[in-house]
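K.L.:
Fold the following, please.
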Amino acid sequence: MILPDLFCVALIAVTLSLDHLLLWRWFLQRSRVDSGRARFWLYSAWTVEEWTLAASVVALWLYKGRAWRALRLTAPDGWRLWASMSLVLALAITLAAATLKVARIKRKKRVKVQGHVEGLAPHTRSELGLWAVLSVSAGFSEELIFRGYLIWAFQPALGLWGAAALSVAGFAVAHGYQGKKGVLATGIVGCLLTLLVVVFGSLWPAVVIHALVDLQQGLVAWLVLGKVHEGEALTNPPA
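P.N.:
Presented below is the predicted three-dimensional model:
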């Protein structure tokens, strides 16, 4: 890595650290006073953060005149294209079916959610809209950063799978606000997404899958929590 890359890696590390140490803690405190406004500012801050880091990587790539293929920002071709499209379509159908199932159950009985999920998830239509923007932002930016740039940056020193393991660990730690179980689940998802990127030779299938999963999670939570009014104090605040 050259000096600009060291600065870019440092920017990613510092931003994610500040996110966990400052932004998330601010959200927890603010949620006890005005949960709706806290979610609005958190979604907005995360969206800005995601695109700032992605823009830093893109700007560095343009400045150095590097090939986008090195970041795997090219579309898959041949059998990889058809296989990735089939996988994305199958996942979209599965997620849609699961969402409809939750909607039907919601009509018959109350569905319970965990405390930290209730505090973070969208409760209103406007929050759901912001969540959708955040989902797309995370889908592109996090895949570019973790499955694209960081693997590229550390592969010369650690090899492909060593760099992949490091990026998965960073991806999991970046979601530390979800607790130990959430970090473990995120690590597993990160492993699967990394495998897809390596097999298909492209970030784009992982970008779409990442965005779809995040969007579906927010939509399901909104269906469950839709009757909770914006600004209502949490009876079980996030931990």
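K.L.:
okay, CA-based contacts and neighbour counts for the rest of this
P.N.:
Noted.
K.L.:
ranges for the strands of this protein?
P.N.:
For the chain, applying DSSP state E gives no strands.
K.L.:
for it, what helix or strand is lowest in average pLDDT?
P.N.:
Least confident helix or strand, the chain: helix 115-120 with a mean of 66, by mean pLDDT, DSSP states H and E.
K.L.:
Now do residue 172: how many residues are near it, please.
P.N.:
22 (other Cα atoms under 10 Å).
K.L.:
Test for you: state the pLDDT assigned to it.
P.N.:
As predicted, residue 172 sits at a pLDDT of 91.
K.L.:
give the contact list for the one residue sitting closest to the centre of the chain.
P.N.:
Nearest to the geometric centre of the chain sits residue 138, at 4.1 Å (Cα atoms, centre = their mean). Going by Cα atoms under 8 Å, 6 or more residues apart in numbering, residue 138 touches 47, 50, 210-211.
K.L.:
Can I get those residues in a markdown table including pLDDT?
P.N.:
Putting the contacts of residue 138 into a markdown table (pLDDT from 0 to 100) gives the following:
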| residue | pLDDT |
| --- | --- |
| 47 | 96 |
| 50 | 95 |
| 210 | 96 |
| 211 | 97 |
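K.L.:
farthest pair in those residues?
P.N.:
47 and 210 (14.8 Å; Cα to Cα).
K.L.:
Quick check: which ranges of the chain have low pLDDT?
P.N.:
106-118, 226-239 (pLDDT under 70).
K.L.:
if you set the cut-off to 50 instead, what comes out?
P.N.:
111, 113, 115, 228-239 (pLDDT under 50).
K.L.:
residue boundaries of the helices in the protein?
P.N.:
3-18, 24-31, 35-64, 79-108, 115-120, 125-142, 150-174, 179-200, 204-225 (DSSP state H).
K.L.:
In CSV: those helices, plus distance to residue 72.
P.N.:
Below are the helices of the chain laid out as CSV (distance: least, Cα to Cα, whole Å):
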stretch, distance to residue 72
helix 3-18, 17
helix 24-31, 31
helix 35-64, 12
helix 79-108, 13
helix 115-120, 32
helix 125-142, 12
helix 150-174, 9
helix 179-200, 8
helix 204-225, 8
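K.L.:
so which of these comes closest to residue 71?
P.N.:
helix 150-174 (6.7 Å).
K.L.:
Now do the closest one: distance to the chain's middle.
P.N.:
Distance, stretch centre to chain centre, for helix 150-174: 17 Å (Cα atoms, centre = their mean, to the nearest Å).
K.L.:
Now for the nearest residue to residue 15 once chain neighbours are set aside, how many residues are close by?
P.N.:
Spatial nearest neighbour of residue 15, excluding adjacent residues (Cα to Cα, 6 or more residues apart in numbering): residue 49 at 7.8 Å. By other Cα under 10 Å, the residues close to residue 49 number 19.
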